[in-house]
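Q: How does the following fold in three dimensions:
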Amino acid sequence: MAGDGIQRRLAAILAADVVGYSRLMDEDEACTFSRLLDFRREVFEPKARQFNGRIFKTTGDGALVEFQSAVDAVNGAIDVQRAMVERNDGVPQSRRISLRIGISLGDVMVEGGDLYGNGVNIAARMEGLADAGGICVSGNVYEHVRGAVGHVFDDLGERPVKNIDRPVRCYRVRIERPGEAILSEATATILRQPAIAVLPFTNMSGDREQDYFADGLTEDIITALTTWRSFPVIARNSTFTFKGRAVKVQDVARELGARYVVEGSVRKSGQRVRVTAQLIDAETGHHAWAERYDRDIEDIFALQDEITRQVVATLMPELERAEYDRSATKSPTSLDAWDCYLRGASYLNELAPENIFKARAMLERAIAIDPTYAKAHSRLGLSYHRELWLYVAEDRDEAARRLMEAAVRAVALDDADSASHWVLAVANFWPPLGDKDVAVREVGRALALNPADVDANFTCGTSLLHAGRGAEAVPHLETALRISPRDPMRSMFLINLAYAYFLARRMAEAERTAREILETGAPQGLPEQLRIYVNTILVSALGHLGRANDARALIDRFGAVEIASGATTVQSRLFFAAITDADRAFLFDGLRKAGIPD
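A: Numbering: from 1, shown residues only. Next up is the predicted model:
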């Protein structure tokens with residue numbers, strides 16, 4: 001007994017309610033009432049008993065059930081909803097009985113056989129947030145059952161709850177129906193992320209013959225998005241059911257189970273075509289991103305491919321940015337593997353050395369929550385690469401070993417993920433375990449899986465640089481910059497491109513690119529090691545261009561003592577040892593021409 005004389009206990013409370021009960025009763029009261037009685041007697045009550053639940057209150061269209069275990073409550077709810085699908089098979093849509101179910105875990109007050117309190121109130125509010133045929137659970141239920149039930153949960157964020165003084169975090173249960181294929185670990189991990197739906201692009205040309213272009217563009221975008229394996233993509237067969245219909249994005253998203261929706265239009269006029277695309281957060285209705293593409297029609301299918309690449313390559317970073325903004329509002333205690341991955345990846349986009357360790361902590365936490373999360377393993381490996389690249393690793397051989405270990409694990413977990421392969425390529429940049437031929441092979445695999453992967457293109461260029469093939473590296477690095485012009489890693493793209501131009505003996509372009517880097521830097525300022533690296537390329541290029549005075553002015557302006565002290569220091573501080581003897585000699589010859597002593 002509690003000190004106030006009221007008996008209390010902790011309980012998992014399930015609240016169930018019939019969707020559209022009033023409409024069903026209006027259409028056929030006697031039949032609806034009979035079917036509900038049959039459902040309670042044949043399904044609901046037996047399932048409650050099977051999972052050790054006690055029905056403590058019923059209404060005309062609903063019921064409240066007490067469970068001693070949150071796991072039993074969730075498993076019982078899933079069984080009930082699956083049974084409802086079977087009972088509705090063959091029943092006309094207008095006469096089907098569907099339930100919404102909500103579950104909470106909390107302290108309840110006991111009076112006779114009845115229960116009261118916030119645990120009951122929150123369960124009722126969760127039920128109101130559930131879709132027809134769906135289940136919504138509170139955050140504390142999710143914390144108790146994740147890993148204990150074989151189902152995926154979608155984080156719906158914090159929601160205000162009537163008569164509760166603080167928002168409550170809510171999760172939607174994804175219910176696999178009987179007979180569905182068992183998901184692989186990698187696929188199950190992907191499905192934990194928010195889904196995206198691409199609606200058929202609208203043909204605004206007034207020419208029905210142009211429908212094929214709009215439809216083909218939509219299908220290509222859907223196909224290309226699936227290769228990224230970051231967000232589950234709703235299938236074409238589902239999204240094309242909305243073609244030609246005036247619909248609300250929120251309604252479409254709810255029906256398809258998507259958090260984000262892409263919609264757009266195509267307008268052809270003469271020999272020009274304009275394509276617009278926008279990304280909408282369906283939960284808020286806000287536009288997260290919009291873009292317009294104007295092109296001349298020459299080869300219309302090549303144009304379709306180009307626009308697809310542009311849309312997808314721009315869209316994916318925007319999706320991750322939108323998800324990071326959402327994740328940033330969460331308290332540290334409520335972060336799941338996806339949130340931790342997002343925060344870790346965001347830290348890695350910042351070049352400051354201290355962010356490496358912040359990233360690693362988040363990625364290790366993501367892996368602790370979900371050991372099968374391939375992307376978290378690959379980004380963890382990337383944190384060690386960043387240590388090596390910025391020369392802040394205390395034990396370089398150990399950092400290289402951990403990088404290789406994480407990359408190999410990522411590929412083993414998800415061989416179809418482009419990111420896992422390009423990080424394995426990165427792991428093969430570094431001695432003592434690295435192999436330049438393996439690096440080139442792995443990045444080729446990454447590009448075969450996803451030609452529009454910005455990082456795969458960047459890594460391909462970098463791999464070719466390390467293999468002494470600077471001229472071949474240029475188009476891959478240019479592609480990375482073209483398809484992601486606002487990339488947070490733009491400075492690093494430009495650094496390698498400047499080096500590739502230099503090795504390709506394109507001195508004017510090497511100078512222009514190096515100057516752009518030094519003028520813009522990184523958002524947090526270019527780290528000292530990278531500034532020395534860029535100045536070395538620029539000074540050598542100016543030497544080969546016969547502009548020693550310009551080179552000396554730069555050395556004085558940027559205070560690059562390491563460069564002025566001689567080429568040997570530069571070589572020892574940077575990884576120019578990866579290039580061929582001929583290219584190294586060319587670099588040092590340019591420094592000498594610029595006035596740098598041997």
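
Q: just how off-centre is stretch 105-119 within its chain?
A: Averaging C-alpha positions (C-alpha atoms, centre = their mean, to the nearest Å) puts stretch 105-119 40 Å from its chain's average.

Q: Actually, stretch 200-216.
A: Worked out by C-alpha atoms, centre = their mean, stretch 200-216 lies 30 Å from the chain centre.

Q: how about it: buried residues?
A: 200, 201, 202, 203, 204, 205, 210, 211, 213, 214, 215, 216 (16 or more other C-beta atoms under 10 Å). All C-beta atoms are positioned from the backbone trio N, CA, C, and that covers glycine.

Q: Next: stretch 444-462.
A: 444-447, 449-462.

Q: still on that earlier bit, mind listing which of the buried residues of stretch 200-216 are in helices?
A: Residues of those located in helices (DSSP state H): 211, 213, 214, 215, 216.

Q: closest to residue 131 among these?
A: residue 215 (28.7 Å; C-beta to C-beta).

Q: Need the distance between the two termini of stretch 364-384.
A: 12 Å (C-alpha to C-alpha, to the nearest Å).

Q: Any buried residues in that stretch, and which?
A: Neighbour count says stretch 364-384 has 365-367, 369-370, 373-384 buried, by 16+ other C-beta under 10 Å.

Q: Can you tell me the SS state at residue 65?
A: When classified by DSSP: H, G, I helix; E, B strand; the rest coil, residue 65 comes out as strand.

Q: That one touches residue 56, doesn't it?
A: Yes: using C-beta atoms under 8 Å, residue 65 is in contact with residue 56, at 7.2 Å.

Q: on that earlier part again, now, the buried residues of stretch 444-462 that are in helices?
A: Short answer: those in helices (DSSP H) are 444-447, 449, 454-462.

Q: can you redo these as TSV with pLDDT?
A: Formatted as TSV, these follow (pLDDT from 0 to 100):
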residue	pLDDT
444	85
445	86
446	86
447	83
449	79
454	78
455	84
456	85
457	86
458	88
459	86
460	87
461	87
462	82
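
Q: residue ranges with poor pLDDT in the stretch 1-150 of the chain?
A: 1-5, 93-94, 147-148, 150 (pLDDT under 70).

Q: Helices of that one, residue ranges please.
A: Here the stretch 1-150 of the chain has its helices, by DSSP state H, counting those that start in this stretch, at 21-27, 29-39, 45-50, 70-88, 118-129, 139-145.

Q: wait, which of those is closest to residue 346?
A: helix 139-145 (23.1 Å).

Q: For the closest one, name the packing helices and strands.
A: For helix 139-145, the elements it packs on are helix 70-88, strand 99-111, strand 168-174, judged by 3 or more C-beta pairs under 8 Å, 6 or more residues apart in numbering; DSSP states H and E.

Q: follow-up on the earlier one: pick the one among the ones in helices among the buried residues of stretch 200-216 closest to residue 474.
A: Once C-beta to C-beta is applied, the member of those that ends up nearest residue 474 is residue 216, at 31.3 Å.

Q: just how off-centre is the one helix or strand residue 287 maps to within its chain?
A: When elements are assigned from DSSP states H and E, residue 287 belongs to strand 286-296. Offset of strand 286-296 from its chain centre (C-alpha atoms, centre = their mean): 20 Å.

Q: Using CSV, list the CA coordinates for that strand.
A: This file holds the C-alpha atoms of strand 286-296, laid out as CSV (Å, rounded to 0.1, in the frame of the first residue of the first chain):
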residue,chain,number,x,y,z
HIS,A,286,7.8,21.9,-44.5
HIS,A,287,9.8,22.0,-47.7
ALA,A,288,13.3,20.7,-46.8
TRP,A,289,14.8,21.2,-50.2
ALA,A,290,13.8,22.4,-53.7
GLU,A,291,15.7,22.7,-57.0
ARG,A,292,15.0,23.6,-60.6
TYR,A,293,16.9,22.2,-63.6
ASP,A,294,16.8,23.9,-67.0
ARG,A,295,18.3,22.0,-69.9
ASP,A,296,18.5,21.9,-73.7
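
Q: who does it touch, helix- and strand-wise?
A: Using 3+ C-beta pairs under 8 Å, 6+ apart: strand 286-296 touches strand 272-281, helix 300-328.
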